[in-house]
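Asks: Task: produce atomic coordinates for the following.
(3 chains)
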Amino acid sequence: MTGLFHEDTLLKNTGADGLARALFEVARDLPLICPHGHTDPAWFAQNHAFPDPSALIVTPDHYITRMFASQGMSLEDFGVARTDGTGNAPDPRAIWQRFASNYHLFRGTPTRLWLDITFDRLFGLKQPLSAQTADDAYDRIAEALASPGFRPRALYETFNIEVLATTDSALDDLAHHRSIKESGWTGRVIPTYRPDQVTDPDHEGFARALDQLGELTGEDTGTWVGYLAAHQSRRDFFRSMGATATDHGIPDARTADLAQSEAAALFDRIRRDAATGDDVALFRAQMLTEMARMSAQDGMVMQIHPGSSRNHNRAVFERYGRDKGFDIPVQTEFTRSLAPLLNAVGDAPDLRIVLFTLDETAYARELAPLAGAWPSLVLGPAWWFHDSAEGMRRFREMTTETAGIYNTAGFNDDTRAFPSIPARHEVARRVDCAWLARLVADHRLREDEAFEMIEELSCGLARRTYRL
Amino acid sequence: MTGLFHEDTLLKNTGADGLARALFEVARDLPLICPHGHTDPAWFAQNHAFPDPSALIVTPDHYITRMFASQGMSLEDFGVARTDGTGNAPDPRAIWQRFASNYHLFRGTPTRLWLDITFDRLFGLKQPLSAQTADDAYDRIAEALASPGFRPRALYETFNIEVLATTDSALDDLAHHRSIKESGWTGRVIPTYRPDQVTDPDHEGFARALDQLGELTGEDTGTWVGYLAAHQSRRDFFRSMGATATDHGIPDARTADLAQSEAAALFDRIRRDAATGDDVALFRAQMLTEMARMSAQDGMVMQIHPGSSRNHNRAVFERYGRDKGFDIPVQTEFTRSLAPLLNAVGDAPDLRIVLFTLDETAYARELAPLAGAWPSLVLGPAWWFHDSAEGMRRFREMTTETAGIYNTAGFNDDTRAFPSIPARHEVARRVDCAWLARLVADHRLREDEAFEMIEELSCGLARRTYRL
Amino acid sequence: MTGLFHEDTLLKNTGADGLARALFEVARDLPLICPHGHTDPAWFAQNHAFPDPSALIVTPDHYITRMFASQGMSLEDFGVARTDGTGNAPDPRAIWQRFASNYHLFRGTPTRLWLDITFDRLFGLKQPLSAQTADDAYDRIAEALASPGFRPRALYETFNIEVLATTDSALDDLAHHRSIKESGWTGRVIPTYRPDQVTDPDHEGFARALDQLGELTGEDTGTWVGYLAAHQSRRDFFRSMGATATDHGIPDARTADLAQSEAAALFDRIRRDAATGDDVALFRAQMLTEMARMSAQDGMVMQIHPGSSRNHNRAVFERYGRDKGFDIPVQTEFTRSLAPLLNAVGDAPDLRIVLFTLDETAYARELAPLAGAWPSLVLGPAWWFHDSAEGMRRFREMTTETAGIYNTAGFNDDTRAFPSIPARHEVARRVDCAWLARLVADHRLREDEAFEMIEELSCGLARRTYRL
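Replies: Model prediction:
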């Protein structure tokens, strides 16, 4: 072992380490399919150099900053800006030094694994990050970032990315995506239709967003029919810009299938600001079914991400805004919640719904049985807190025996941390190689099957699920 | 490895593979105790040859057909009949070809393991099933089925079955069981009292079933007292036909202990069709306690199977009927739900209740603590979706440390797929051998204990739990 | 293997058995930090010899007696006394014989492991306990207990205990703790403030306890302000006697943050016996926040133990009283429940809250994300039913990847079974050594890190968390 990272990482403990390694030899060279993530299309449109190491790696990654917060450190000391613009940005090198001095906090976490792989592979660092090595690491990363090979488009190519989807507001003009398309660059960066802002009445500025949706589409978003037409119009636009999927982040998985007249009356109450809390929940539930109905028609793959209680720390939210590591999962019910949507449209031949969960108890109990029966349902990969070696292992062990792998969506990295993308795919592939090798060692699979399956798990399932 | 199935399957990865194998040498030859299942007593009464391979293996197995449904294939293409009698039955060989061509979907599932063991052991197939080998496999299975050694009674003996319980409606006349008893055949096929049809007011035809119960028993099922007497009469009849157990499939584990006057009034509302939804749930809850009270008297072992949301796909239910793979688990509470029943009768010396769950979260949290304290409670094996290698491993790991193995009921196959019965017991025994070997390797058990325990897990616990 | 206990117990199956052993060589000699438990301070104050083996080991351990109850045996046959004073105490040797004859029931449980380690190490027994060896074991243990080296203070020293916290009622005069302090003995036995009796209106004798609280402190516990002042007074007294922590056993984790005027009105309704069930739950919820507010001021570490449905078997409770093995876990919600408390005081720099759960589903879903973000939250170790090899392994696998180990509280034994304390710490340390060795074998950690971490897991985290 000459670097931060051993070639056998995550491949041991299989009972068939040699096979695990042989499977990874295949998986390693397959392209990266990235159908769901949060990178910024501006990077690829403008192709500017990334700023300093801290601004690239530390400050925007709430997996990192929340760990420091949990130990009583201040988010500001890691460069997180206050929403009111007060406060001074710390020196990037000071941020990096603080980060490196507390790097031990990440022992045993996937963040540590992703970072070590990235440090070693991408930046050629060979010493463990620590207070002592911080400065040297900073210098080497800063130097790399200044070079042409580390511009966004060059990294996209170096990373062997086949396609990269961003996540975009329903109101976005997709100017950056247009600019990428028109640039002649061969990278495939596509948008995803994320309409939460115009489907969730609890979203700040919902009413204004609906007006804007009307202006953008020329539809009358004061009426239910016009509102649905506006959605269809935006979906068509997104599809014309390359989108193949939609994404829906919601507090729970509740769906509804109201008569259209009832739905129209509900929309009217919402629009007139006369809605109760129940109305708001029911509207979100109804909109999932409406989106599914459109997907059954236009073929956009529908992604459902329920179960996060957002902004749990009110003071952090008020000072720093959203996405600061205080989104905490809650128990999530799927069986009864999805029944209205599924009985409305779940047998439609062109409908595909990818289900994610932050509540692992649903894997074996609800999600695998649902995906193992309904033709439209596919299981998304282990997500967020579960996007880790143990989390992904549990996902396989709790879903495969009921749903098989052919009702799963393959991996997606779901990240805004661009340099970590190859490491995330690599960790997922290693976990899958080890899992397959264990099954072969235990004579539950044949070797030839394992080799077929690793190609599916690495690429095939994601390509087919997302119609890429 | 010369067949579909390696002798070390599921025995590797134990840290003591040799011991795992030695334990399985013992387990392999022990008879099969089958105290809970869904085979058809007519098979053993009539002893006709089984029809073609597809009708035996594919069409009736909803583990298989739902997996094809989940991939957008039609149930009809696998021989599943419409309830209205329309549609043409496909050619059995075409069904088989379709099945074989999609056999890869079962990779990593227990279905695949059971089938491969059955193909290899029972039918002597040595090539993996695929589009290419489908015809040959069909021919060989069809040929076997036509021979006398593959009649139901011969298979019962070949399989080394000691006792086989069927599951029978409270209204069943048990004619097939009578005919088996009177035939002089030495196989022991016994009924189980399953009264859902006459205890759950939500069941289709409940009122008519209650009338029929009255006619069968000569009791007045228009009154609470007569209704209870009718149950006791049927239980006595079932016991006279060899039954040792009852079985209760219910949406949740809720129980109640009403005063008899309240229960009578509730029954009256139900009978007059004046019941609310709450009444219906309360009646089911009360009936669990009444059944437990009778079990405490007559010694019939009570099995409780809660937590399935039946017929989740309405269109499939309307077209094809029940049991088509769309019964999806829901979260299930036990601690508070069972308290009324247990405080009414849970310390009775002759009461035995076997608890099953589709919600694994209850294993370590509720079920093991309950079974590890209440004298009447015993844990049924990992059930349905969890009747798999990983599911059974999790069951042991999450229940043993609190309840030990001596508060568990041993294995039962719970299947209507008769040819798979030996494979199901074999998989369960292999998982237990591997688990025991791991504990010995880790010095948590001595070898002599493991050998005692594998006999208990394979036979002893089931015999004693079910009073066989 | 020459005794009951192999030196490699729990260290195999790591993929790096040698490293596991090397880690345990370090862990074995570290002192025992016992910040949470239920030993009797009278033992250390009076330093009397322990009575007979059954009275020390069998009768008071409800892990043991409930297992016998689960098999239909009577608690009285194991020496458990009726609360009404009727019944005859069985002969201690007969109890022991019955215990030994049924020792196989504990196969695979942690109780068996703790007992075997204790029998081997502390009492020098080398034969497995059984009906045959019972008498000899009894004699040897009885002989040891009569010797000076087995008095409580001597055992404290033999066990290499650094500090031992007891759990004490808010109304306790801490006379035994005072007597220990004044004795000149160097052992550190400290109290813990457990106010359930005066914070939970459902507790028997709540009103009388509040009066007593007023008398003890000179505060007017008829008013909200006086009641809070009385708590602060008792906390100050406990701190003066060495306490560093408080402990709160509650049915669920619900918290509230009422305006003080509302809280005063609520207290008034409770005091006037005019409270509803909702009021009672709300009062408990509010009191958790009040206790947290005081902890933020006085620095006492707050422990929250929710999720047990106490005295599930009413007949056992009525005959034998509390703590007889019939406390059964229930599902427990944390994310929404803790939000009021945390948003009131959760960012306070001196607040530390240790969270325990009996519902493992909360580990990965709620507890690790909460502890991995909020500065005041720390995860307590796997508790009660989960204080076992598999339970502790699951705890690490489900919490580390999100929260790291540095947001966890280290181990505590939480026991009244004094002779088992070293065995409990040893089992926990072995599980951690095996877990760390697995991570190193899988190249997820370096060896030097594992050696640092085992010291933290064994001692450092507990010392720092509990401010010892």
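Asks: Those residues of the stretch 201-350 of chain A touching chain C, which are they?
Replies: Contact residues of the stretch 201-350 of chain A with respect to chain C, defined by C-beta under 8 Å from any C-beta of the partner chain, are listed as A:309, A:312-316, A:325-331. (Each C-beta comes from the backbone N, C-alpha and C, glycine too.)
Asks: If we check chain B, which of these are in contact?
Replies: Counting by C-beta under 8 Å from any C-beta, nothing from those sits close to chain B.
Asks: are any of the residues you listed buried, and which?
Replies: Buried residues within those, defined by neighbour count using 16 or more other C-beta atoms under 10 Å in any protein chain shown: A:309, A:312-313, A:316, A:325-331.
Asks: ok, the residue sitting nearest the centre point of chain A to chain C distance?
Replies: The centre of chain A sits closest to residue A:414, judged by C-alpha atoms, centre = their mean, with a distance of 2.2 Å. Taking C-beta to the nearest C-beta, to the nearest Å as the criterion, residue A:414 is separated from chain C by 15 Å.
Asks: now do residue A:218
Replies: Here residue A:218 is placed at a distance of 42 Å from chain C (C-beta to the nearest C-beta).
Asks: What residue, apart from its backbone neighbours, is nearest that residue spatially?
Replies: residue A:233 (7.7 Å; C-beta to C-beta, 6 or more residues apart in numbering or on different chains).
Asks: Per-residue pLDDT of that neighbour, please?
Replies: Per-residue confidence for residue A:233 comes out at a pLDDT of 98.
Asks: before we move on, what about the one 3 residues further on?
Replies: In the prediction, the pLDDT value recorded for residue A:236 is 98.
Asks: On the three-state scheme, it is what?
Replies: In three-state terms, and counting by DSSP: H, G, I helix; E, B strand; the rest coil, residue A:236 is helix.
Asks: quick one, what contacts residue A:225?
Replies: Under the criterion of C-beta atoms under 8 Å, 6 or more residues apart in numbering or on different chains, the contact list for residue A:225 reads residue A:264.
Asks: Which element, helix or strand, includes it?
Replies: In this structure, residue A:225 sits in helix A:224-240 according to DSSP states H and E.
Asks: Over to residue A:45?
Replies: Under the criterion DSSP H and E, the helix or strand holding residue A:45 is helix A:41-46.
Asks: cool, residue A:164 as well?
Replies: Element membership of residue A:164 [criterion: DSSP H and E] is strand A:161-165.
Asks: just how off-centre is the next helix or strand after that strand within its chain?
Replies: Once the chain leaves strand A:161-165, the next helix or strand it forms, by DSSP H and E, is strand A:168-169. Relative to the chain's own centre, strand A:168-169 is displaced by 13 Å; criterion: C-alpha atoms, centre = their mean, to the nearest Å.
Asks: after strand A:168-169 comes which helix or strand?
Replies: The element immediately downstream of strand A:168-169 (helix or strand, assigned by DSSP H and E) is helix A:175-182.
Asks: what is the orientation angle of that following helix with helix A:224-240?
Replies: Per axes from the mean of the first three to the mean of the last three C-alpha atoms, to 10 degrees, the angle that helix A:175-182 makes with helix A:224-240 is 40 degrees.
Asks: Which elements pack onto helix A:175-182?
Replies: Counting contacts by 3 or more C-beta pairs under 8 Å, 6 or more residues apart in numbering or on different chains; DSSP states H and E, helix A:175-182 is packed against helix A:41-46, strand A:189-190.
Asks: quick one: strands adjacent to the strand holding residue A:164?
Replies: Based on DSSP bridges, the pairing partners of strand A:161-165 within the sheet are strand A:32-34 (parallel), strand A:189-190 (parallel).
Asks: And that strand, how far out from the chain middle?
Replies: Averaged C-alpha coordinates place strand A:161-165 at 13 Å from its chain's average position (C-alpha atoms, centre = their mean).
Asks: what's next to it, contact-wise?
Replies: If you take C-beta under 8 Å, 6+ apart as the criterion, strand A:161-165 is touched by A:31-37, A:39, A:44, A:156, A:187-192, A:243-245, A:421, A:459, A:466, A:468.
Asks: now those: which count as buried?
Replies: When the contacts of strand A:161-165 are checked against 16+ other C-beta under 10 Å, the ones flagged as buried are A:32-37, A:39, A:44, A:156, A:188-192, A:243-245, A:421, A:459, A:466, A:468.
Asks: Mean pLDDT added to the helices and strands packed on helix A:175-182, as CSV?
Replies: Converted to CSV, the helices and strands packed on helix A:175-182 look like this (pLDDT from 0 to 100):
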stretch, mean pLDDT
helix A:41-46, 98
strand A:189-190, 98
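Asks: For residue A:26, give me its contacts.
Replies: Applying C-beta under 8 Å, 6+ apart, the residues contacting residue A:26 are A:451, A:454-455.
Asks: let's go with 10 Å and repeat that
Replies: Neighbouring residues of residue A:26 by C-beta atoms under 10 Å, 6 or more residues apart in numbering or on different chains: A:429, A:433, A:450-451, A:454-455, A:458.
Asks: Fine, thanks again, bye for now.
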